[in-house]
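1. The following comprises the amino acid sequence and a computationally predicted model.
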Amino acid sequence: MLDSEVPQEGNSTLDGHRKAVYARGADGKLHLVQSAGWEVEEIVTRQAVDDLRRLAEDARRRVIAGQTSPLEFHMHRVRMDVPLLAQASGIWQWRIRRHFRPDVFAHLSPAVLGRYAEAMGLGVEQLKKVE
């Protein structure tokens, strides 16, 4: 894409900010160009956020019903999935899925809860409950 072709339609999900994208300049080299975004990007971003909200709400209902742990709810609420939480917390994906079981989650050590809380930017007590 050339400098002059970088979309500037605007994207409300960027909240008025601009982002950097690579484009080819007149000299033929790649460099960073500011972009206000474009409509297609906004549509896709909104769909992804709506999907994560739906997953969080479904998980919240299952927490209340005793079918999953608050860990799953908070993971979706902070816009994470299992691979991302595993990377951020340093905990294996299969262990995270196991910790979705309420009986297993109830017996997690303070150290493991602390790793999850830190990865999601929460306090340990907040991690243990669903609002």
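-> Looks like it came in fine.
2. Going by neighbour count, list what's buried in the helix or strand hosting residue 21.
-> Take DSSP states H and E as the rule and residue 21 turns out to sit in strand 19-24. Under the neighbour-count criterion of 16 or more other C-beta atoms under 10 Å, strand 19-24 has residue 23 buried. Backbone N, C-alpha and C define where each C-beta goes, glycine included.
3. and what of stretch 30-44?
-> In stretch 30-44, counting by 16+ other C-beta under 10 Å, buried: 33, 35, 37, 41, 42.
4. helix or strand for the most centrally placed residue in the chain, which one?
-> For the chain, the residue nearest the mean C-alpha position is residue 79 (2.5 Å; C-alpha atoms, centre = their mean). Per DSSP H and E: residue 79 is located in neither a helix nor a strand.
5. same check, this time on the one 5 residues further on
-> In the assignment (DSSP H and E), residue 84 maps to helix 82-89.
6. same for that helix, what does it pack against?
-> In terms of contacts (3 or more C-beta pairs under 8 Å, 6 or more residues apart in numbering; DSSP states H and E), helix 82-89 is packed against helix 93-99, helix 110-120.
7. What's the local residue count around the closest residue to residue 81 other than its chain neighbours?
-> Excluding its sequence neighbours, the residue lying closest to residue 81 (C-beta to C-beta, 6 or more residues apart in numbering) is residue 75, at 7.3 Å. Neighbour count for residue 75, taken as other C-beta atoms under 10 Å: 27.
8. Which strands and helices lie in contact with the one helix or strand residue 75 maps to?
-> For residue 75, the element it lies in under DSSP H and E is helix 70-77. When contacts are defined as 3+ C-beta pairs under 8 Å, 6+ apart, helix 70-77 packs onto helix 39-64, helix 93-99, helix 110-120, helix 124-127.
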